[in-house]
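Chemist: Fold the following for me, if possible:
(one chain, ligands or ions: 2)
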Amino acid sequence: MKCLAENLLDKKEPTPVGKCTGCKTCVVACKDNHGSEPGIWLRRVTEYAGGTWKRTEEGAWKQDVFIYYVSDACNHCADPACATACPYHVLLT
Ligand code: SF4
Ligand code: SF4
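Modeler: Ligands and ions are numbered 1, 2, ... in the order given. Sure, this is the predicted structure:
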């Protein structure tokens with residue numbers, strides 16, 4: 001059986017980062033399956049956010065805020081719990 005990274009490479013597509021909601025179910029699934037020690041995170045979700053709210057001269061509020069999540073695995077499991085637990089199938093599509 002191929003590991004997660006090999007499956008993704010086979011599809012010749014990047015992981016669909018834009019679909020990740022940052023729920024961290026994958027992180028919990030990994031820790032639950034491997035019983036890793038506190039402070040050890042083999043799956044990590046990183047948040048990238050920016051933008052601001054600005055008031056126009058007319059008094060309305062306009063915004064250009066954004067947020068993305070990137071979920072990274074260690075890619076060591078042949079049958080990764082982190083990938084199969086994702087409720088949005090981000091890591092299997
Ligand atoms: S591949 Fe396995 S050990 Fe690595 S993050 Fe996923 S479930 Fe955890
Ligand atoms: S990859 Fe899936 S389970 Fe992990 S944080 Fe993103 S949406 Fe949630």
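
Chemist: Burial check on the closest residue to residue 91 other than its chain neighbours, number of neighbours?
Modeler: In this structure, residue 91 finds its nearest non-sequential neighbour in residue 83, 4.0 Å apart by C-beta to C-beta, 6 or more residues apart in numbering. The way it works is simple: take the backbone N, C-alpha and C, and place the C-beta from them, glycine included. Residue neighbour count, defined by other C-beta atoms under 10 Å, stands at 24 for residue 83.

Chemist: same check, this time on residue 47
Modeler: By other C-beta under 10 Å, the residues close to residue 47 number 10.

Chemist: The closest residue to residue 51 other than its chain neighbours and ligand 1: what is the separation?
Modeler: Using C-beta to C-beta, 6+ apart and skipping residues adjacent in sequence, the residue nearest residue 51 is residue 65, 3.6 Å away. Per C-beta to the nearest ligand atom, to the nearest Å, residue 65 is found 29 Å from ligand 1.

Chemist: what do you get for residue 22?
Modeler: From residue 22 to ligand 1 the distance is 16 Å (C-beta to the nearest ligand atom).

Chemist: who are the neighbours in contact with that residue?
Modeler: Each residue near residue 22 by C-beta atoms under 8 Å, 6 or more residues apart in numbering is listed here: 45, 47, 67, 69.

Chemist: Can you narrow the residues you listed down to the ones near ligand 2?
Modeler: Counting by C-beta under 6 Å from any ligand atom, 45, 69 from these sit close to ligand 2.

Chemist: Separate out the buried members of the contacts of residue 22.
Modeler: 45, 69 (16 or more other C-beta atoms under 10 Å).

Chemist: And the contacts of residue 22, which two are furthest apart?
Modeler: Maximum pairwise distance in the contacts of residue 22, criterion C-beta to C-beta, is 11.9 Å, between 45 and 67.

Chemist: Now do the same for the closest residue to residue 28 other than its chain neighbours: its pLDDT.
Modeler: Leaving aside its sequence neighbours, residue 28 sits nearest to residue 85 (C-beta to C-beta, 6+ apart; 7.5 Å). As predicted, residue 85 sits at a pLDDT of 93.

Chemist: Kindly report the same for residue 71.
Modeler: Looking at residue 71, the pLDDT reads 89.
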